[in-house]
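> my questions concern the predicted model and sequence given below.
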Amino acid sequence: MTTDQRPSSKASLPAGLTYRQFDYWCGLGLIPGQPERLGSGHRRKLTRDQIEHLRVMAQLVRAGFTPSAASEASVSIRATGSWRVGPFTVEQVAS
């Protein structure tokens, strides 16, 4: 494991997710750079960028976005540097 990757069991907790929810999102292909299925016995490792994607995604899902829409919005937010999603900002969504 390189220094820029963390085991998913520790990485998903700061995002406020359960491992089951994280695994489901990976299975749907919503986490960029994560294989959809690894099979049992394989630990997923996440980069800091993927952890940030999960954090933003989790905030948006809690605000009512579907996981798919939250993933798309998170990619857009992080690519453009604009924290606006429609009439909301991520800070507004998180509160």
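That came through, no problem.
> pull out the buried residues from stretch 68-80.
A70, S71, E72, A73, S74, I77 (16 or more other Cβ atoms under 10 Å). Every C-beta, even on glycine, is put in place using the N, C-alpha and C of the backbone.
> average pLDDT across that stretch?
The average pLDDT within stretch 68-80 is 85.
> quick one: contacts of that stretch?
25, 28, 30-32, 49, 52-53, 56-58, 60-61, 65, 82-85, 90 (Cβ atoms under 8 Å, 6 or more residues apart in numbering).
> pull the number of nearby residues for the residue nearest to G33 when sequence neighbours are not counted.
Leaving aside its sequence neighbours, G33 sits nearest to Q50 (Cβ to Cβ, 6 or more residues apart in numbering; 6.1 Å). Residues within reach of Q50, counting by other Cβ atoms under 10 Å, total 21.
> state the distance from Q50 to G64.
23 Å (Cβ to Cβ, to the nearest Å).
> which of the contacts of stretch 68-80 fall within helices?
W25, D49, E52, H53, V56, M57, A58, L60, V61, V90 (DSSP state H).
> residues contacting the fourth one?
When the contact criterion is Cβ under 8 Å, 6+ apart, the partners of H53 are I31, P32, S71, S74, V75, R78.
> now with 7 Å?
Taking Cβ atoms under 7 Å, 6 or more residues apart in numbering, we find H53 in contact with I31, P32, S74, R78.
> ok, now the third one?
When the contact criterion is Cβ under 7 Å, 6+ apart, the partners of E52 are R78.
> nice, that's everything, thank you.
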